[in-house]
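Colleague: Based on what follows, work out the 3D shape:
(2 chains)
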Number of protein chains: 2
Amino acid sequence: MTQPETLRWVGQTDGHLELLDQTCLPTQVVEIECLTVQEVWEAIRVLRVRGAPAIGIAAAYGVCLSLRPILETDPDSPQRWQSAMELAIKACDHLATSRPTAVNLFWALQRMRDAITEIQSTTTACGSSRDLAQRLLREACTIHEEDRQQCASIGRHGAQLLDDLPAGSGFLTHCNAGALATGGDGTALAVLYALAAQGKRPHVFADETRPLLQGARLTMWELAQRNIDATLLCDSMAAQVMREGRVRAVITGADRITNGGDTANKIGTYGLAVLARAHSLPFYIAAPTSTFDLTLDSGDDIPIEQRPAAEITTSFGCRTAPEKAQVYNPAFDVTPAELITAIITERGIIQPVTRESVSQLVAD
Amino acid sequence: MTQPETLRWVGQTDGHLELLDQTCLPTQVVEIECLTVQEVWEAIRVLRVRGAPAIGIAAAYGVCLSLRPILETDPDSPQRWQSAMELAIKACDHLATSRPTAVNLFWALQRMRDAITEIQSTTTACGSSRDLAQRLLREACTIHEEDRQQCASIGRHGAQLLDDLPAGSGFLTHCNAGALATGGDGTALAVLYALAAQGKRPHVFADETRPLLQGARLTMWELAQRNIDATLLCDSMAAQVMREGRVRAVITGADRITNGGDTANKIGTYGLAVLARAHSLPFYIAAPTSTFDLTLDSGDDIPIEQRPAAEITTSFGCRTAPEKAQVYNPAFDVTPAELITAIITERGIIQPVTRESVSQLVAD
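Modeller: The predicted structure follows:
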């Protein structure tokens, strides 16, 4: 991997989180240090770090930062045990408010909460803040490492699924579901990297992905780092590329998947799924099982983040719509399961996508 | 009409063309003077004036400008008659190279050529350049005035077609097919203006229309001038707006329509037509009969303009994709007739859209 890491923990329990600031790409490669919970919250909120798996990992590390003030002063004082616990739990609560749609965020924070509960239940009296910090950092690192491995597995399973396609095939993707969105090699892009590693020379058609242009800024940058052939197009050109027979499949990531397979992902994904169906192209979702929210029966129940109007009206510091223009700016849409050919997970392929097949693969 | 005119001829035969520079909207209302054929060519090329009917009219006036040098020196000299003819024909040839897709450009230039031929055949010996200039300006003004009336007729026919829809209905449109695209009130937007005039309170959902954002910059501006309710969205959000039941129909303009009804229009239109079909929504094209190219049997024969990659990679003066990114940037796509519910013209409605119904309404 030639590109800087999307995110990494630097140092020991009293260390900090380092993030590649994705708002600066592709023109600048800037790494920022997050020393506080609030800095992580802000980084997630304004999309310095984005992508469902990556924000889960970032949030987990963010919880670790909550103990920094205590570790700097009283790491071993039993008097601070209770406040350390409270700070960690408060961090979980706060980080959960950073963005609403990607379930990996809540899933990762739940694992951190479980770790807190566990240490609470196994510590007879007051423990040390240092022990809690170690336990939390271990959990966050585990989440990160698991994600790395899951990306690799998704890549393997996906490449196997697409094994029949000829070398040089075109694939359409939307937003960024690559290394920049995860702790590893990505989800949708991991599949294409695995194909590339097998000498299959995939050609990626990357939707620019308005309004924040994650496709143009991030996916094109990431693919260039890895020498993958890619063509950038505006979102409105996807149908034409399909019509011309230039892509063999559409593959995207996901932010939340219901127990029936309905999938929330970057706005525009639903339209691509409809277009893929109309052009008889397979439409694939690639996501780790942590992206599933088995408590939800329907995609209609997934909360959809509305983003500020300015993302559309004043793109890149330049006013591109009249003052007071009314704007619709949902960050995500939901693709119903019936439009999804298969979901590629680290545990294998869900195909066809039904309540039964999801349950079979995802439920423990 | 509260907005400045899209284009107008100022003065007599030795006058000039004044254009609203649409590349400056919505932040600045700038009118520019075109004094030479080349200035009109450039204005069309870089989209200072755009929209199939408007570029036809601009080109017609552009031909008139070819005679300015002679009118300024030797308007009545018979010696200059031949060179005046040649200059006018050369202007037609040159202006035809400004953009390739919209047929109204070639149609308007053909009318100018016919005027030249006519005066040539009716002038026994050498005429005066002044006479030629008068004839050309009369033809250009006629083209302009006809377009104005055609827009009004399209509005009337369209409003009648959509008469059954309840007040407050939503309509999705793409790019700008309004007053800014024509010599009158527009094509697609003329229909919505006619509905508004009847108290039907249409609510327009305007695709921003990447890469050049004609929807965000122009349609939203034009609708605001006329107090029409409008919501701006990214192109990738159109499917979601349809899914939510917020629009009752999709209506766009056209740049060239074949004898079978296949329609070239701004890139993204084809995808909208597929999406409209999938959501059981009617998809309408509104265009004057001058947009038909009856010499073409298939949409595949329509030449599609490829625009510079920089329109996508350096949006809004800011680099938004890596250097050297490979880009696909067709300015138009073609919607096959079978996806078009009806074509609204100044002569009436073509529905269903077939070779026969097109021929019946459009062929003289």
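Colleague: List phi and psi for residue A:19.
Modeller: phi -120, psi 140 (degrees, to the nearest 10).
Colleague: do you know how far it is from residue A:144?
Modeller: 13 Å (CB to CB, to the nearest Å). Where C-beta positions appear, they are placed from N, C-alpha and C, glycine not excepted.
Colleague: Show me which residues of the worst-scoring helix or strand of chain A on mean pLDDT are buried.
Modeller: For chain A, counting by mean pLDDT, DSSP states H and E, helix A:68-73 ranks last in confidence among helices and strands (a mean of 92). Residues A:68, A:70, A:71 are the ones in helix A:68-73 that count as buried (16 or more other CB atoms under 10 Å in any protein chain shown).
Colleague: Chain B: which of those residues is nearest?
Modeller: Closest to chain B out of the buried residues of helix A:68-73 is residue A:68 (36.0 Å), distances taken as CB to the nearest CB.
Colleague: surely that closest one meets residue A:36?
Modeller: Yes: assessed by CB atoms under 8 Å, residue A:68 is found in contact with residue A:36 at 7.3 Å.
Colleague: sorry, back to before: format the buried residues of helix A:68-73 as JSON lines; extra columns: distance to chain B.
Modeller: Output for these, formatted as JSON lines (distance: CB to the nearest CB, whole Å):
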{"residue": "A:68", "distance to chain B": "36"}
{"residue": "A:70", "distance to chain B": "43"}
{"residue": "A:71", "distance to chain B": "40"}
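Colleague: Out of those residues, which comes closest to residue A:120?
Modeller: Of all the buried residues of helix A:68-73, residue A:70 has the smallest distance to residue A:120: 16.0 Å, by CB to CB.
Colleague: and that closest one, how far is that from residue A:129?
Modeller: 5 Å.
Colleague: what sits in contact with each of these two?
Modeller: Common neighbours of residue A:70 and residue A:129, using CB atoms under 8 Å, 6 or more residues apart in numbering or on different chains, are A:80, A:84.
Colleague: Now find how far off-centre the following helix or strand past the least confident helix or strand of chain A is within its chain.
Modeller: Following helix A:68-73 in sequence order, the next helix or strand is helix A:81-95 (DSSP states H and E). Centre-to-centre, helix A:81-95 and its host chain are 24 Å apart (CA atoms, centre = their mean, to the nearest Å).
Colleague: between the next helix or strand after helix A:81-95 and helix A:81-95, how many degrees?
Modeller: Counting by DSSP H and E, the next helix or strand C-terminal to helix A:81-95 is helix A:103-122. Helix A:103-122 runs at 170 degrees relative to helix A:81-95, counting by axes from the mean of the first three to the mean of the last three CA atoms, to 10 degrees.
Colleague: which other residues reach the least confident helix or strand of chain A?
Modeller: Outside of helix A:68-73, the residues within contact range by CB under 8 Å, 6+ apart are A:13, A:14, A:16, A:35, A:36, A:80, A:83, A:84, A:87, A:129, A:130, A:133.
Colleague: swap in stretch A:104-124?
Modeller: A:44, A:52-53, A:55-57, A:59-60, A:63, A:81, A:85, A:88-89, A:92, A:95-96, A:98-99, A:127, A:131-132, A:135-136, A:138-140, A:143, A:255, A:288, A:290-291.
Colleague: quick one: which of those residues sit in strands?
Modeller: When the contacts of stretch A:104-124 are checked against strands (DSSP state E), there are no matches.
Colleague: Pull out the buried residues from those residues.
Modeller: Buried among the contacts of stretch A:104-124 by 16+ other CB under 10 Å: A:44, A:52-53, A:55-57, A:59-60, A:63, A:81, A:85, A:88-89, A:92, A:95-96, A:98-99, A:127, A:131-132, A:135-136, A:139-140, A:143, A:255, A:288, A:290-291.
Colleague: Contact distance from chain B - what residues of the stretch 151-300 of chain A qualify?
Modeller: Within the stretch 151-300 of chain A, the positions lying close to chain B (CB under 8 Å from any CB of the partner chain) are A:174, A:205, A:207-211, A:213, A:216-217, A:220-221, A:224, A:229-241, A:243, A:267-268, A:270-271, A:274-275, A:277-278.
Colleague: Please flag which of these sit within helices.
Modeller: Using DSSP state H, the members of these that fall within helices are A:220-221, A:224, A:238-241, A:243, A:270-271, A:274-275, A:277-278.
Colleague: May I have the residues that are in contact with residue A:91?
Modeller: A:37, A:62, A:63, A:65, A:66.
Colleague: Need those in TSV (columns: distance to chain B and pLDDT).
Modeller: Below are the contacts of residue A:91 laid out as TSV (distance: CB to the nearest CB, whole Å; pLDDT from 0 to 100):
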residue	distance to chain B	pLDDT
A:37	31	98
A:62	29	98
A:63	34	98
A:65	32	98
A:66	36	97
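Colleague: Of those, which belong to helices?
Modeller: The helices, defined by DSSP H, take in A:37, A:62, A:63, A:65 from the contacts of residue A:91.
Colleague: wait, which of those is closest to residue A:24?
Modeller: Taking CB to CB as the measure, residue A:24 lies nearest residue A:62 of the ones in helices among the contacts of residue A:91, at 20.2 Å.
Colleague: What segments of the stretch 251-364 of chain A are helices?
Modeller: Taking DSSP state H, counting those that start in this stretch as the test, the helices found in the stretch 251-364 of chain A are A:269-278, A:310-313, A:355-362.
Colleague: coming back round to it: now that we have the ones in helices among the residues of the stretch 151-300 of chain A next to chain B, which of them are buried?
Modeller: A:220-221, A:224, A:238-241, A:243, A:270-271, A:274-275, A:277-278.
Colleague: got JSON lines for those residues, with distance to residue B:337 and pLDDT too?
Modeller: Shown next, in JSON lines, are these (distance: CB to CB, whole Å; pLDDT from 0 to 100):
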{"residue": "A:220", "distance to residue B:337": "35", "pLDDT": "98"}
{"residue": "A:221", "distance to residue B:337": "41", "pLDDT": "97"}
{"residue": "A:224", "distance to residue B:337": "40", "pLDDT": "97"}
{"residue": "A:238", "distance to residue B:337": "22", "pLDDT": "98"}
{"residue": "A:239", "distance to residue B:337": "16", "pLDDT": "98"}
{"residue": "A:240", "distance to residue B:337": "17", "pLDDT": "98"}
{"residue": "A:241", "distance to residue B:337": "21", "pLDDT": "98"}
{"residue": "A:243", "distance to residue B:337": "15", "pLDDT": "98"}
{"residue": "A:270", "distance to residue B:337": "26", "pLDDT": "98"}
{"residue": "A:271", "distance to residue B:337": "22", "pLDDT": "98"}
{"residue": "A:274", "distance to residue B:337": "20", "pLDDT": "98"}
{"residue": "A:275", "distance to residue B:337": "19", "pLDDT": "98"}
{"residue": "A:277", "distance to residue B:337": "21", "pLDDT": "98"}
{"residue": "A:278", "distance to residue B:337": "16", "pLDDT": "98"}
